[in-house]
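In: Return a 3D structure for these sequence lines:
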Amino acid sequence: MPLLVLSSFNDDATGTWVGQEDRSMENVLVSGVTLDQNQSKITLTGVEDRPGLAARIFGPIAEANIIVDMIIQNASAGQPH
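Out: Numbering: from 1, shown residues only. The predicted model follows:
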């Protein structure tokens, strides 16, 4: 059943139709690329999952007036399944 998804913030009725899957999209190798030269990514590995540890890491960063837009914590990364 096709579904029309509309914005709840304005009356623009164009929206997006969500319907039957298009199998040809599975063959697309790259669907999009973006660039933001004002962002940096830092990866910390081997950080224990302990209360207060993130504050010890990010406290000095905040004190240096460095803005952190996003923090991703993934406790399962690198651990046996």
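
In: neighbours of residue 14, just the number please.
Out: Other residues within reach of residue 14, judged by other C-beta atoms under 10 Å, total 8. For the C-beta atoms, the positions are set from N, CA and C on the backbone; glycine is no exception.

In: Show me the strands in this structure, by range?
Out: Counting by DSSP state E, the chain has strands at residues 3-5, 16-18.

In: Which one of those lies nearest to residue 51?
Out: Set against residue 51 and scored by C-beta to C-beta, these come closest in strand 3-5, at 39.6 Å.

In: what's that closest one in contact with?
Out: Surrounding strand 3-5, the residues in contact under the criterion C-beta atoms under 8 Å, 6 or more residues apart in numbering are 15-19.

In: Can you list the strands that it pairs with?
Out: strand 16-18 (antiparallel) (DSSP bridges).

In: of the contacts of strand 3-5, buried ones?
Out: Using 16 or more other C-beta atoms under 10 Å as the burial test, the contacts of strand 3-5 include no buried residue.

In: Return the member of the residues you listed nearest to residue 34.
Out: Sorting the contacts of strand 3-5 by distance to residue 34 puts residue 16 at the head of the list, at 19.3 Å, by C-beta to C-beta.

In: any weak-confidence spans in this structure?
Out: By pLDDT under 70, the weakly predicted segments of the chain are 25, 75-81.

In: Please enumerate the helices of it.
Out: Taking DSSP state H as the criterion, the chain contains helices spanning 53-63.

In: Report back the residue of this structure that's furthest from centre.
Out: What lies farthest from the middle of the chain is residue 1; by C-alpha atoms, centre = their mean that is 29.2 Å.

In: residues touching that residue, list them.
Out: Taking C-beta under 8 Å, 6+ apart as the test, residue 1 contacts no residue whatsoever.

In: Fine by me, thanks again.
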